[in-house]
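Asks: predicted model, plus sequence, below.
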Amino acid sequence: MYENMKNEILKKGGKIHLNCKVLGIKTKNKKAYSILTDKGEYQADIIVSSAPFREMVCSLDELDKDITDLASKLKFRNTILVYVEADSETKLFEDNWIYVHSPHVQTGRITNFANWTKDLQCGRKENILALEYWANDDEKLWNLSDEELINIAKKDLIDSALLKPQDIKRSFVLKLHKSYPVYERGYKENLNKIYTALDSFSHLYFIGRNGSFKYNNQDHSILMGLACADKILGKAVNLWHINTDYDYQEDSHIPESAANDKR
Ligand SMILES: Cc1cc2nc3c(=O)[nH]c(=O)nc-3n(C[C@H](O)[C@H](O)[C@H](O)COP(=O)(O)OP(=O)(O)OC[C@H]3O[C@@H](n4cnc5c(N)ncnc54)[C@H](O)[C@@H]3O)c2cc1C
């Protein structure tokens, strides 16, 4: 899907800059006109940002200080994924993933990709597991080395009696920085003030999970992108209303074109 999107953009004369970190957004008279990156500045007619909300909002010079102060208090939590190749003849568990509540292990969720589809195993008998850990930037867990994290994952698998030491083959660690927006007490009130302030800017849109600070799944993140395109084309869409929580289920409206779009 993403390859097709890329090809479509290139076909229409667009350019894609990979490995390019966006540092901030520039505006004049509250109209967005360029992005600053570690590879230079790029002029733009319209800016749609899915980069972490806090950093992008705080980069706006024309935003009132009380709003940037609120934005700077928004918190994200990180995910650590430890992938483990497990040599097991028996099915480890039935589900795609299991949540782990035992205080005796550190992982919070274990996914077995062999239970999603056999195709993921490429004909091999090993199971690929992913053990998830969550931590803030300043927590010890986040700052451990890959080797230390792999040792914790191995211990968790053995202590939970899922695997024997000899079953564990290769391992790989992936750290996802700022993967979860943190919904803490009072966040919604502050967030609504930020959203209202951002509505005074033109040619600037914030979409996606971290990009708009909404704990959305993939479907809603994609829907936000489609709805944003509708908004740019002049349709009356409130992007801030697209999320998976109660308000969305009960009160909000998905634009018909986005909801029916089967692209
Ligand atoms: C562990 C985990 C499990 C999940 N499981 C599910 C699931 O089972 N089902 C489901 O529907 N959803 C799931 N989600 C949620 C889903 O992944 C998100 O909703 C979706 O990926 C959000 O899409 P996005 O485009 O907004 O953001 P992302 O997919 O996070 O894309 C944002 C991109 O921006 C890049 N970026 C960040 N900062 C900058 C910068 N400064 N400059 C340039 N680029 C930058 C990032 O590298 C990333 O590529 C899961 C999320 C996590 C973390």
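Replies: Good, I have the coordinates. Numbering: from 1, shown residues only.
Asks: closest approach to the ligand from the stretch 101-250 of the chain, which residue is it?
Replies: Relative to the ligand, the nearest point of the stretch 101-250 of the chain is Gly208 (2.3 Å; CB to the nearest ligand atom). C-betas here are computed from N, CA, C, even on glycine.
Asks: how many residues are close by that residue?
Replies: Residues near Gly208, counting by other CB atoms under 10 Å, number 22.
Asks: now it: closest residue in space, sequence neighbours ignored.
Replies: Ser50 (3.6 Å; CB to CB, 6 or more residues apart in numbering).
Asks: what about the helices in the stretch 51-200 of the chain?
Replies: Secondary structure of the stretch 51-200 of the chain by DSSP state H, counting those that start in this stretch: the helices cover 53-58, 65-72, 146-159, 187-198.
Asks: let me know which of the ones you listed is tucked in deepest.
Replies: When neighbours are counted by mean count of other CB atoms under 10 Å, the highest per-stretch mean among the helices of the stretch 51-200 of the chain falls to helix 53-58, a mean of 22.
Asks: got any ranges where the stretch 151-263 of the chain has weak pLDDT?
Replies: Where the stretch 151-263 of the chain drops to pLDDT under 70, the residues are 244-263.
Asks: near the ligand, which residues of it?
Replies: Residues of the stretch 151-263 of the chain lying near the ligand by CB under 6 Å from any ligand atom: 176, 179, 208-211, 216-219, 221.
Asks: restricted to helices, list these.
Replies: Applying DSSP state H to these, the entries found in helices are 218-219, 221.
Asks: pull out the buried residues from the residues you listed.
Replies: Among those, those classed as buried by 16 or more other CB atoms under 10 Å are Ser221.
Asks: ok so, going back, can you put the helices of the stretch 51-200 of the chain in a markdown table and add distance to Cys20?
Replies: Rendered in a markdown table, the data for the helices of the stretch 51-200 of the chain read as follows (distance: least, CB to CB, whole Å):
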| stretch | distance to Cys20 |
| --- | --- |
| helix 53-58 | 15 |
| helix 65-72 | 23 |
| helix 146-159 | 26 |
| helix 187-198 | 23 |
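Asks: that older thread, would CSV of the residues of the stretch 151-263 of the chain next to the ligand with distance to Leu163 be doable?
Replies: Below are those laid out as CSV (distance: CB to CB, whole Å):
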residue, distance to Leu163
Leu176, 24
Ser179, 26
Gly208, 36
Arg209, 32
Asn210, 33
Gly211, 38
Asn216, 34
Asn217, 30
Gln218, 29
Asp219, 33
Ser221, 34
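Asks: with distance to Leu92 added, can I get the ones in helices among the residues of the stretch 151-263 of the chain next to the ligand in JSON lines?
Replies: Conversion of those to JSON lines gives the following (distance: CB to CB, whole Å):
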{"residue": "Gln218", "distance to Leu92": "25"}
{"residue": "Asp219", "distance to Leu92": "28"}
{"residue": "Ser221", "distance to Leu92": "30"}
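Asks: coming back round to it: my guess is the residue nearest to Gly208 meets Gly211, correct?
Replies: Yes - with contact taken as CB atoms under 8 Å, Ser50 and Gly211 are classed as touching, separated by 3.6 Å.
Asks: who in the stretch 1-150 of the chain is up against the ligand?
Replies: For the stretch 1-150 of the chain, the residues found near the ligand under the criterion CB under 6 Å from any ligand atom are 21-22, 50-52, 79.
Asks: ok, so of the residues you listed, who is nearest Lys193?
Replies: The shortest approach to Lys193 among these belongs to Pro52, at 18.6 Å (CB to CB).
Asks: now do the contacts for that closest one.
Replies: When the contact criterion is CB atoms under 8 Å, 6 or more residues apart in numbering, the partners of Pro52 are 76, 178, 210-211.
Asks: which non-adjacent residue is nearest Lys73?
Replies: With CB to CB, 6+ apart as the measure, Asn190 is the residue that lies nearest to Lys73, at 7.0 Å, once sequence neighbours are left out.
Asks: list the residues that contact that neighbour.
Replies: Contact analysis of Asn190 by CB under 8 Å, 6+ apart lists 70, 73-74.
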